[in-house]
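S.K.: next input, structure requested:
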Amino acid sequence: MASIAMLVGGALVNALAFSGSNYLFSMLKSSGVDQERKRHDQAVEQLQAAQAEWSRKRTERIDFITDELRRQGHAVRTFKDVDDAMRLYAQVTGKNVSLADLGPEPQLSDFYQPSDDQKEREIAFIILGMAATGFVAYKLAK
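M.R.: Okay, the predicted model is just below:
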């Protein structure tokens, strides 16, 4: 009997959670979230393009170093880390190859910073969600 009550209670909590979150998201959507979403989506697209370019440059650099070492007969393994490959290449050849610096891997924060309004909405959503969860837990514990 207790397992049936737990099953029904869990289903009820899930139904309330999903309908409540849908209501909250519909309320947030009407308050200018579309602009923020468009800005975020554009930033994600820019991030994907930058990561693809960074990966291409990284692969080209590793391939160049591996080919040079292989051509000179020094390659023993294939490199996965550019720094190790550059260090070994400089040790073996005595030349310090000055390839353009790759720089750090692109991150979303390089292209997108949430607006203050977005941050406030996220904090309010978290606080309300925690308060509702605490209230439900308190009522169920009685």
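S.K.: so which bits of stretch 55-65 are buried?
M.R.: 57, 61-62, 65 (16 or more other CB atoms under 10 Å). C-beta coordinates here come from the backbone N, C-alpha and C atoms, glycine included.
S.K.: I'd like the next helix or strand past the worst-scoring helix or strand of the chain on mean pLDDT.
M.R.: Lowest on mean pLDDT, DSSP states H and E among the helices and strands of the chain sits helix 82-93, with a mean of 68. Note on helix 82-93: by DSSP states H and E, the next helix or strand toward the C-terminus is helix 116-141.
S.K.: which other helices and strands does that next one contact?
M.R.: Secondary-structure packing of helix 116-141 (3 or more CB pairs under 8 Å, 6 or more residues apart in numbering; DSSP states H and E): helix 2-28.
S.K.: the helix or strand that the helix it packs on is followed by relative to helix 116-141, how many degrees between them?
M.R.: Moving toward the C-terminus from helix 2-28, the next helix or strand (DSSP H and E) is helix 34-71. When axes from the mean of the first three to the mean of the last three CA atoms, to 10 degrees is applied, the directions of helix 34-71 and helix 116-141 differ by 100 degrees.
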